[in-house]
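Trainee: Prediction below, plus the sequence it came from.
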Amino acid sequence: MADNENDIEISPADARAKFEAGEVQLVDVREQSEWDVSRIPGDVKHIPLGELQARAGEIPTDKPVVFQCRSGGRSSMAAQAFRAAGIEAYNLTGGLLDWNAQGLPVEPAGAPVAEH
């Protein structure tokens, strides 16, 4: 999926296209309070980063996984951990902040990105 296998970042536009085509699973690792304010619409799995290790089995690995958070820091850690376990994983570049800045859809419509 990436240009080279060391490339862990995926742009919001590419992630959206692959997510809408059913080619990737999107996992939001933000806290519940952040999720409650706004999120990417669709079949996005929500597993806060602190629960990720215990709940990793809930994430299908039959397709690449794209992790996202507010700005990309927490999701980068998640993507790196999954890659270390041999799973094809990516980090949404810039997180929900960049997604929102590019005018991509969030729900509820027009909602801001919560502070961490």
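Mentor: Everything's here; your move.
Trainee: now W35, nearest residue through space, not along the chain?
Mentor: Once its chain neighbours are removed from consideration, W35 has its nearest residue in H46; the separation is 5.3 Å (CB to CB, 6 or more residues apart in numbering). Backbone N, C-alpha and C define where each C-beta goes, glycine included.
Trainee: An error on my part: the question was meant for Q68.
Mentor: Counting by CB to CB, 6+ apart, the nearest residue to Q68 once its immediate chain neighbours are dropped is L92, at 3.8 Å.
Trainee: Quick check, the one you found in contact with S76.
Mentor: No. Shown here, L92 and S76 do not form a contact pair, counting by CB atoms under 8 Å, at 9.2 Å.
Trainee: of the two, who's got more company?
Mentor: Set side by side, L92 and S76 show more neighbours around L92, with 29 against 21, by other CB atoms under 10 Å.
Trainee: Mind jotting down where the helices sit in this structure?
Mentor: Applying DSSP state H to the chain gives helices spanning 12-20, 32-37, 52-55, 73-84, 95-101.
Trainee: So which bits of the shortest one are buried?
Mentor: When you say that, I think you mean helix 52-55. L52 (16 or more other CB atoms under 10 Å).
Trainee: do the first one as well
Mentor: Within helix 12-20, the residues that qualify as buried by neighbour count (16+ other CB under 10 Å) are 12, 14-16, 18-19.
Trainee: Report all helices and strands that it contacts.
Mentor: In terms of contacts (3 or more CB pairs under 8 Å, 6 or more residues apart in numbering; DSSP states H and E), helix 12-20 is packed against strand 65-68, strand 89-92, helix 95-101.
Trainee: Can I get those in CSV including distance to R55 and mean pLDDT?
Mentor: As requested, the helices and strands packed on helix 12-20 are exported to CSV (distance: least, CB to CB, whole Å; pLDDT from 0 to 100):
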stretch, distance to R55, mean pLDDT
strand 65-68, 13, 98
strand 89-92, 15, 98
helix 95-101, 20, 96
